[in-house]
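Student: no sequence for this one, just the structure:
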Ligand code: MV4
């Protein structure tokens with residue numbers, strides 16, 4: 001197979017830059033694509049060549065297959081790296097690349113087909129002997145059938161869209177009374193999100209952990225796993241903090257889950273980088289959830305503890321090379337990644353696009369900042385507001401937490417609001433430090449993480465200030481002759497002055 005000489009990166013932001021960095025190190029030329037909103041984006045500046053692909057909405061630019069392929073042909077690129085999101089898990093795009101004679105750096109379309117739909121993936125995994133969450137393998141035709149099945153396996157159950165993952169078209173159902181509205185809700189949302197209203201049932205797992213296994217396969221039948229990532233710190237199905245190793249996995253469980261992930265990848269003839277996601281229940285049983293057929297956002301933590309460059313491996317596998325190992329490397333030390341978003345946690349995480357007036361990124365030993373922005377850059381409001389991923393490595397988890405906090409303290413972004421303070425609160429929270437946080441952690445600790453104290457304490461502060469003000473007014477009334485305006489100036493004492501701050505600044 002010939003060597004790749006030029007790669008078009010069909011993406012934007014930090015991941016486009018991440019891919020280009022490895023290309024440069026490998027002596028491979030890079031081609032960027034950009035929308036109208038990304039003319040001055042960093043990924044365009046860093047590429048050797050750049051092609052305009054359309055208006056700001058990604059439907060009209062980054063997702064238009066013909067535009068991307070046209071840019072690839074014009075530029076003379078021999079391969080396309082899709083990054084994550086956009087066209088990265090689109091089997092029809094993989095086929096279009098093949099037809100155009102351009103190498104797609106990723107798995108074959110058939111593997112995407114086998115894993116794309118949740119019910120099909122479940123069927124394939126059951127056939128391969130991979131444990132899946134107890135439930136139906138097929139979509140359920142009628143509400144009556146669904147009710148009967150739910151009664152059989154017992155409440156609570158989860159209705160899930162067959163068409164796709166990511167928490168859309170998902171409803172927890174507690175009892176038969178709730179069933180009808182949940183059934184209609186899940187179906188409606190599924191149709192809206194995936195153009196397919198098929199729904200199936202799973203047993204509901206209480207407070208599961210989200211643990212995923214990185215897998216890698218070459219074109220010669222070798223499939224290995226590269227250990228796990230703990231991704232239970234999520235908000236509305238968006239990961240916020242990831243780490244490896246998972247603080248809840250024993251070496252035995254790591255080996256077991258790794259072997260099952262390899263089994264899953266082999267069953268669909270996987271090639272390249274992939275991730276097998278599992279839910280881990282309170283008894284530490286693990287169940288296949290879905291497979292992501294792409295390089296993931298959180299891949300840097302795996303790179304930290306394995307010493308590998310996953311993008312370089314993807315390129316070598318696409319060129320037909322054999323994987324340079326046949327066994328999972330033992331993880332070395334501990335890595336944590338936090339996602340820096342242009343958003344305001346205090347305003348319900350509203351995106352905060354705008355011009356970055358000043359930027360100082362953290363540095364020092366074992367700190368990595370995968371950024372997609374620069375000082376003077378205006379963050380557009382058309383795309384995901386993640387502006388950077390900060391990741392750190394240390395010999396132990398305790399040291400990695402301290403390093404993450406230190407690095408976050410160094411992060412300065414002026415002009416837009418970011419979530420750095422929220423991230424610091426997460427990695428400093430006793431539950432995170434303790435290492436046994438599940439997927440309910442961020443929702444449950446929401447107020448604490450936003451720096452808002454217990455609402456009951458806020459009420460105590462308010463009452464105390466009222467009592468204080470009343471006593472003071474009584475005293476004044478006794479000792480001072482009443483003057484005009486005195487009553488007004490003796491207004492309520494602010495809770496701030498009692499030292500009971502209701503909100504950290
Ligand atoms: C579940 C579950 C409990 N029981 N399935 C959410 C996203 C989607 N990929 C699967 N999800 C869940 N599926 C059963 N049978 C709980 C979740 C879930 C979750 C999973 C992973 C990470 C974060 C989560 C947050 C809430 C719920």
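Tutor: That came through fine. Just so it is clear, the model here is predicted, and its values are computed rather than measured.

Student: Looks like residue 161 contacts residue 188 (just checking).
Tutor: No - proximity of residue 161 to residue 188 does not meet the contact threshold set by CB atoms under 8 Å, at 10.3 Å. Where you see a C-beta, it was placed from the backbone N, CA and C, and this is true even at glycine.

Student: Quick check on the two: which one has the bigger neighbour count.
Tutor: In this comparison of residue 161 against residue 188, neighbours counted by other CB atoms under 10 Å, the higher total goes to residue 161 at 29 against 12.

Student: residue contacts, that one?
Tutor: In this structure, residue 161 makes contact with 118, 168, 169, 170, 186, 189, 190, 193, 194, 196, 198, 199, judged by CB atoms under 8 Å, 6 or more residues apart in numbering.

Student: And the spatially closest residue to the first one that is not a sequence neighbour, how close does it get to the ligand?
Tutor: Spatial nearest neighbour of residue 118, excluding adjacent residues (CB to CB, 6 or more residues apart in numbering): residue 162 at 5.5 Å. Relative to the ligand, residue 162 is positioned 13 Å away (criterion: CB to the nearest ligand atom, to the nearest Å).

Student: Can you report how many residues lie near residue 162?
Tutor: So residue 162, with other CB under 10 Å, has 22 neighbours.

Student: repeat for residue 193
Tutor: Other residues lying near residue 193 total 15 when counted by other CB under 10 Å.

Student: What's the separation between it and residue 164?
Tutor: As for residue 193, its distance to residue 164 is 7 Å (criterion: CB to CB, to the nearest Å).

Student: same thing with residue 13?
Tutor: Distance of residue 13 to residue 164, given as CB to CB: 23 Å.

Student: Compare the two (neighbour count), which wins?
Tutor: Taking other CB under 10 Å, residue 13 and residue 164 do not tie; residue 13 has more neighbours (24 against 19).

Student: near the ligand, which residues of the stretch 301-450 of the chain show up?
Tutor: Residues of the stretch 301-450 of the chain found near the ligand (CB under 6 Å from any ligand atom) are residue 439.

Student: and the nearest residue to residue 68 once chain neighbours are set aside, what is it in contact with?
Tutor: Excluding its sequence neighbours, the residue lying closest to residue 68 (CB to CB, 6+ apart) is residue 10, at 5.0 Å. The contact partners of residue 10, by CB under 8 Å, 6+ apart, come to 33, 62, 68, 80, 81, 82, 83, 86, 87.

Student: lowest-pLDDT helix or strand in the protein?
Tutor: Least confident helix or strand, the chain: helix 486-489 with a mean of 42, by mean pLDDT, DSSP states H and E.

Student: Can you list the residue ranges for helices in the stretch 251-400 of the chain?
Tutor: For the stretch 251-400 of the chain, the helices identified by DSSP state H, counting those that start in this stretch occupy 251-267, 299-306, 310-318, 397-410, in order along the chain.

Student: Which among these is found nearest to residue 291?
Tutor: helix 251-267 (6.3 Å; CB to CB).

Student: buried ones in that closest one?
Tutor: 253, 254, 257, 258, 260, 261, 262, 263, 264, 265, 267 (16 or more other CB atoms under 10 Å).

Student: Provide the strand pairings for the lengthiest strand in the chain, with the direction of each partner.
Tutor: In the chain, with assignment by DSSP state E, the single longest strand is strand 223-235. For strand 223-235, the paired strands and their directions (DSSP bridges) are strand 209-217 (antiparallel), strand 238-244 (antiparallel).

Student: In TSV, list those along with mean neighbour count, mean pLDDT and distance to residue 478.
Tutor: Supplementary listing: the strands paired with strand 223-235 in TSV, determined by neighbours: other CB atoms under 10 Å; pLDDT from 0 to 100; distance: least, CB to CB, whole Å:
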stretch	mean neighbour count	mean pLDDT	distance to residue 478
strand 209-217	25	98	63
strand 238-244	24	98	56
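
Student: Indicate which one of the ones you listed is closest to residue 451.
Tutor: Counting by CB to CB, residue 451 lies closest to strand 238-244 out of the strands paired with strand 223-235; the figure is 16.0 Å.

Student: Now do the closest one: everything it contacts.
Tutor: Contacts to strand 238-244, defined as CB under 8 Å, 6+ apart, come from residues 227-231, 233-234, 297-298, 301-302, 304-305, 331, 334-339, 397, 400, 423, 426-427, 432, 442.

Student: what about 6 Å?
Tutor: By CB atoms under 6 Å, 6 or more residues apart in numbering, the list of residues contacting strand 238-244 from outside reads 229-231, 233, 298, 301, 305, 335-339, 426.

Student: got it, and stretch 215-227?
Tutor: 213-214, 258, 261-262, 265-266, 270-271, 273-274, 302, 306, 317, 320, 322-323, 326, 328, 331.

Student: Do me a favour and get the end-to-end distance for it?
Tutor: Across stretch 215-227, the terminal residues are separated by 8 Å (CA to CA, to the nearest Å).

Student: before we move on, the earlier item: want to throw the helices of the stretch 251-400 of the chain into JSON lines with mean pLDDT?
Tutor: Formatted as JSON lines, the entries for these read as follows, by pLDDT from 0 to 100:
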{"stretch": "helix 251-267", "mean pLDDT": "98"}
{"stretch": "helix 299-306", "mean pLDDT": "98"}
{"stretch": "helix 310-318", "mean pLDDT": "98"}
{"stretch": "helix 397-410", "mean pLDDT": "98"}
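
Student: can you put those helices in a markdown table and add distance to residue 24?
Tutor: Formatted as a markdown table, those follow (distance: least, CB to CB, whole Å):
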| stretch | distance to residue 24 |
| --- | --- |
| helix 251-267 | 29 |
| helix 299-306 | 16 |
| helix 310-318 | 11 |
| helix 397-410 | 25 |
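
Student: distance of residue 313 from residue 272?
Tutor: Distance of residue 313 to residue 272, computed by CB to CB: 8 Å.

Student: quick one: which of these two has more around it?
Tutor: Remark: of residue 313 and residue 272, residue 272 carries more neighbours, 25 against 22, as counted by other CB under 10 Å.
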